[in-house]
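Q: pasting a predicted model and its sequence here:
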Amino acid sequence: MSTQSGIVAEQALLHSLNENLSAEGIVIVIAKISPDSTSVHQTQVTHNFEELVELASQEREPLYIFYKPEGVAKYFFVSFIPDGSPVRSRMLYASTKNTLARQVGSNSLSTEQPLITDAQDLVDLKNFDSDRPAGQNKPLTQDEEMQIEINKQQALLRKNDSIKLVSQDSASPLSLTFRVNSEKPISEILETEGKNLVIFQIDPSDETIQIVQSETCPSVDELQIDLPGPSYTIFRKGDSSFFIYSCPSGSKVKDRMIYASNKNGFINYLKNDQKITFNKVVEIGDFVELDKSLLMTASKEDDLDHGSNPDLPNKSNLRFNKPRGPMRKRRT
């Protein structure tokens, strides 16, 4: 059971939502928690997405957004939680959401309740309409919302039969393509051209993984990944190869999900098709978080057990000494 904050909606907000439910055209009602954290009040009603994006771009605090498409008598209840918003605010808005949804009423809300972290992504609400699967009108947890969005993204990526991104359930799809200027396989770039640093990014416009940078990096100390958004990197040092998945802070939620859901499949493709084995698979946020000591020494293959340290001994070989009991008091 989720913790409730005890914050409730003001009657003026509930009245406005009820009144605008029958209005013609699109309606966007914006609300936020009061400064004293006692109630949720309405801040603005607009009919323009550009105005919504401009307002949200200026906000550091989260917002509740009720969006009613034209010809629809239900709101899409949106939680706008901008990246970098205070942790306390995030907790307040998360713990107040269910109470607010119950006050508005399930008959007035769609089953889909998106979570958006980038103001520019609010424009995507235009694609929301009444053509949604029927279901129980209950608020979703953040994990459920994230899983729904991941499923939608993966379905979108599989929709195109000619070009697909590698996915977790397909280690080597024939339709995977790369934008390589030399038109050479990745393994050949690493072995014959003397390149030991290859960085990849996903181009969502044509659903391909592209090489955006390939060069010779003289040493681990000179290794640098400075690209906007997430990336996949292959770094080779001598006979050892390392895979680095970087997802910098401030990356869009949609990009985070696409890269995370395609990481394992891409690694499997490199391993099975390109015959590249990795000594370690490293996941980082910003590049400054990379512990370069992990790339200094070679170790046995990670076996794609991401998140584990291959340098640690096998747990089955660990031995534990029997603990000693308490010492007896000596008699004098």
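A: Perfect, thanks for sending it.
Q: which element follows the helix or strand containing Ile211 toward the C-terminus?
A: Ile211 belongs to strand 208-215 when assigned by DSSP states H and E. Next along the chain after strand 208-215, taking DSSP H and E as the criterion, comes strand 231-237.
Q: Asp83 belongs to a helix?
A: No - assessed with DSSP: H, G, I helix; E, B strand; the rest coil, Asp83 is coil; it does not lie in a helix.
Q: quick check: it touching Ile116?
A: No - here Asp83 lies out of contact with Ile116, judged by C-beta atoms under 8 Å, at a distance of 10.6 Å. Backbone N, C-alpha and C define where each C-beta goes, glycine included.
Q: before we move on, back to that, distance from the strand holding Ile211 to the middle of the chain?
A: 21 Å (C-alpha atoms, centre = their mean, to the nearest Å).
Q: name the helices or strands packed onto that strand?
A: Packing partners of strand 208-215 (3 or more C-beta pairs under 8 Å, 6 or more residues apart in numbering; DSSP states H and E): strand 178-179, helix 186-192, strand 197-203.
Q: point to the helix or strand of this structure where mean pLDDT is at its lowest.
A: Ranked by mean pLDDT, DSSP states H and E, the weakest helix or strand in the chain is strand 178-179, scoring a mean of 48.
Q: mean neighbour count added to the helices and strands packed on strand 208-215, as a markdown table?
A: Shown next, in a markdown table, are those (neighbours: other C-beta atoms under 10 Å):
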| stretch | mean neighbour count |
| --- | --- |
| strand 178-179 | 14 |
| helix 186-192 | 16 |
| strand 197-203 | 20 |
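Q: so which of these is nearest Tyr93?
A: When the helices and strands packed on strand 208-215 are compared by C-beta to C-beta, strand 197-203 sits nearest Tyr93, at 30.2 Å.
Q: can you name every helix or strand that the closest one contacts?
A: helix 186-192, strand 208-215, strand 231-237, helix 253-272.
Q: out of the ones you listed, which comes closest to Gln11?
A: Nearest to Gln11 among the helices and strands packed on strand 197-203 is helix 253-272; the distance by C-beta to C-beta comes to 33.3 Å.
Q: the helix or strand following that closest one pairs with which strands?
A: Counting by DSSP H and E, the element after helix 253-272 in chain order, helix or strand, is strand 280-284. Using DSSP bridges, strand 280-284 pairs in its sheet with strand 240-246 (parallel).
Q: what's in contact with the partner strand?
A: 190, 225, 227, 230-236, 259, 263, 267, 270, 276-287, 290, 294-295, 298 (C-beta atoms under 8 Å, 6 or more residues apart in numbering).
Q: state the mean pLDDT of it.
A: The average pLDDT within strand 240-246 is 92.
Q: leaving out chain neighbours, which residue sits closest to the residue nearest to the spatial centre of the chain?
A: Centroid-nearest residue in the chain, with C-alpha atoms, centre = their mean: Arg256, separated by 3.3 Å. Nearest residue to Arg256 in three dimensions, chain neighbours excluded: Cys247, at 5.8 Å (C-beta to C-beta, 6 or more residues apart in numbering).
Q: tally up the residues packed near that neighbour, please.
A: Burial of Cys247 is recorded as 18 neighbouring residues (other C-beta atoms under 10 Å).
Q: numbering from 557 from now on, please.
A: Okay, using 557 as the starting number, the last item reads as Cys803.
Q: count of neighbours near Pro774?
A: Other residues close to Pro774 by other C-beta under 10 Å number 9.
Q: dihedrals phi and psi, it?
A: In terms of degrees, to the nearest 10, the main-chain angles of Pro774 are phi -60, psi -40.
Q: who touches it in this structure?
A: If you count contacts by C-beta under 8 Å, 6+ apart, Pro774 has none.
Q: again, only this time at 10 Å
A: By C-beta atoms under 10 Å, 6 or more residues apart in numbering, Pro774 lies in contact with Asn752, Leu753.
Q: quick one: pLDDT of it?
A: 86.
Q: same deal with Ser613?
A: 90.
Q: quick one: neighbours of the residue lying closest to it once chain neighbours are set aside, just the number.
A: Once flanking residues are discounted, Ser613 sits nearest to Ala675: 4.3 Å by C-beta to C-beta, 6+ apart. Per other C-beta under 10 Å, the neighbour tally for Ala675 reads 18.
Q: hang on, isn't Ala675 packed against Leu611?
A: Yes - Ala675 is within contact range of Leu611, at 8.4 Å (criterion: C-beta atoms under 10 Å).
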